[in-house]
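[1] Quick one: sequence plus predicted model below, questions after.
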Amino acid sequence: METRLLIAGELVAGDGPALAVENPATEETITSLGTAGAEQVRAAVAAAREAQHAWGRELTAAERAEALHEIAAGLRERTEELARIMTAEGGKPLLENRDEVGWTASAFDFYAELARAEEGRVIPPVESSQLALVIREPLGVVACIVPWNYPLLLLAWKLAPVLAAGNAAVCKPSELTPLSTLALAPLFDHLPPGTVNLLAGAGEVGAQLVDHEDVDGIAFTGSVATGTRIGERAARRVARVNLELGGKDAFIVCGDITGEDVEIAARGGAWAAYLNAGQVCTSAERFYVHRDIYDDYVAAFVAHTKTLRVGDPTVETTDIGPMVSATQRGKVTAQLDAAVAAGAEILTGGGTAGQARGHYLEPVVVVGAPAETDLLREETFGPVAPIVPVGSLDEAIALANGTPFGLGANIYTRDLATMVRCAREVRAGTVWFNDPLTDNDAGPFGGFKRSGLGRELGAEGLHAFQEPKHVHIETKLEVKEWWYPY
Ligand code: NAD
């Protein structure tokens, strides 16, 4: 397994503090690696600066597109290997990690094509003898700082548009899941050395990148707390930032969902709440269900949850693997315990699924949590589905909008008027109807309110790593009448 960093096209052992990477299913150390020392971080930024000219100025967008398609092809060829590394270090079921590699490749293919299709626009000039253009140029060097829950996908949502736009990159995966990112090194062999640099390390390495004068942009996915700190630091030197932060997504089930639809909405809800053990930024974390169908919905949800197979993430039929770490599991159970102390009732789940080792948490259905508990207000990031009855759509929308977060929201209804109303009134970056959590490379992804700043994916996700330049061309060489003397 690759444990070396990629700096200036060379694989080098990290000379910073050692980092042990744990397998969350077994609690064994997979391997230990050297993180990036301060000098190595500086070397990576310098290499990126140097390479950016060759990559972003000398090559054409069509040439960059070919190189990005090659990365996508390389990813697909190595699907099994990369999925197994992600499962070992992150605990996500193998099947989901194979999908993740596919989606990662897809982001490179998408941006390869998008970035060679247009690079700005022509605007009407102020005089007929002029030509006026808006050219979108690369920012320069972009730091890509990534969390542990989707290590390769969330890297690709940054790195693919960063490269497609002609920038060079310094990437820092989470300290919990560095191995899958370091394993990517050979995929960048055909790029000018230094175009992509891969570091490992904890927050200090990220912070050093954020503060580095020669880093023009920071693309970050992670918690609101870290994102806020990064935003503050970056503002001091007016560096560009794109922040994808936490959420507390609502899942609304409307009163027109009856009969067999209740079972469908319950299964959709369970998937939205428990996917990757609930460690998805857009996990459904609060269910608002119309009172008329509430009892049936809760019964269907509990029955389905009890059928889910929790266990070894390398087993093909496992639905839910372990959580990523003891710390993360502890945060979730503490939030649950506090809700129970305040009067909530756990209907199923919460145990360790009979596993002696590993950070397993059986998926939980919980009802009766008071509205002011953290379980209904703060991010949970675990396999927990709190279900709350509501009397009307007005109440559901008000509750959905009632937190400082606004990443995503899900709504189950067959009624078009309800869809249109929710689409307009729910304050979230993505609103899914009847198909939870489906991403689309072509659609922007990101958060309202504290869930983020800027967008990934779509054209917006490319523009995030470009600087617009207005070019004003006068074809007539003449003294203008508005010059001096007045
Ligand atoms: P985190 O904020 O603890 O860490 C994220 C990354 O930032 C890691 O690589 C970490 O080493 C680095 N980091 C830590 N301190 C830093 C600093 N001071 N300067 C620069 N970098 C620093 O988040 P996490 O626990 O790894 O991930 C879980 C969080 O990510 C959740 O809140 C989740 O909602 C969020 N998330 C958001 C999205 C999204 O697209 N909006 C997607 C996935 C996860």
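    Okay, I see it. Residues are numbered from 1 along each chain as shown.

[2] For E260, which residues are in contact?
    Shown in contact with E260 (Cβ atoms under 8 Å, 6 or more residues apart in numbering): no residues. Any C-beta I mention is one placed from the backbone N, CA and C, and that applies to glycine too.

[3] can you offset everything so residue one is 45?
    With the count now opening at 45, the last piece we talked about shows up as E304.

[4] Could you tell me the backbone phi and psi angles at it?
    Note on E304: backbone dihedrals following degrees, to the nearest 10 are phi -70, psi -20.

[5] next one: A176
    When read as degrees, to the nearest 10, the backbone of A176 gives phi -120, psi 130.

[6] any idea how far the closest residue to it other than its chain neighbours is from I179?
    What sits nearest to A176 in space, not counting adjacent residues and going by Cβ to Cβ, 6 or more residues apart in numbering, is P169, at 4.2 Å. As for P169, its distance to I179 is 15 Å (criterion: Cβ to Cβ, to the nearest Å).

[7] can you check L420 too?
    48 Å.

[8] One more: V214?
    The gap separating V214 from I179 is 25 Å, by Cβ to Cβ.

[9] Which of the two has more residues huddled nearby?
    V214 (30 against 13; other Cβ atoms under 10 Å).

[10] just checking, that one is part of a helix?
    No: counting by DSSP: H, G, I helix; E, B strand; the rest coil, V214 is not part of a helix but strand.

[11] Would you mark the buried spots in the longest helix along the chain?
    Of all the segments of type helix in the chain, defined by DSSP state H, the longest one is helix 138-161. Neighbour-count burial for helix 138-161, counted by 16 or more other Cβ atoms under 10 Å, picks out 138-142, 144-145, 147-156, 158-160.

[12] try stretch 115-131
    Here stretch 115-131 shows 115-116, 118-120, 122-123, 126-131 as buried, counting by 16+ other Cβ under 10 Å.

[13] May I see those residues organised as JSON lines, with secondary structure added?
    Shown next, in JSON lines, are the buried residues of stretch 115-131 (three-state DSSP):
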{"residue": "I115", "secondary structure": "helix"}
{"residue": "A116", "secondary structure": "helix"}
{"residue": "G118", "secondary structure": "helix"}
{"residue": "L119", "secondary structure": "helix"}
{"residue": "R120", "secondary structure": "helix"}
{"residue": "R122", "secondary structure": "coil"}
{"residue": "T123", "secondary structure": "helix"}
{"residue": "L126", "secondary structure": "helix"}
{"residue": "A127", "secondary structure": "helix"}
{"residue": "R128", "secondary structure": "helix"}
{"residue": "I129", "secondary structure": "helix"}
{"residue": "M130", "secondary structure": "helix"}
{"residue": "T131", "secondary structure": "helix"}
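
[14] Would you mind pointing out the helix or strand the residue positioned nearest the centre of the chain falls in?
    Centroid-nearest residue in the chain: L198, 4.5 Å away (criterion: Cα atoms, centre = their mean). Using DSSP states H and E, L198 sits in helix 195-208.

[15] pLDDT of that helix, averaged?
    Averaged across helix 195-208, the pLDDT comes to 98.

[16] A328 and R86, how far apart?
    Taking Cβ to Cβ, one finds A328 at 42 Å from R86.

[17] of those two, who's got more company?
    A direct count of neighbours by other Cβ under 10 Å for A328 and R86 places A328 higher, at 30 against 16.

[18] Just want the residue of the stretch 45-194 of the chain that's nearest the ligand.
    In the stretch 45-194 of the chain, the residue that lies nearest the ligand is P191 (3.1 Å; Cβ to the nearest ligand atom).
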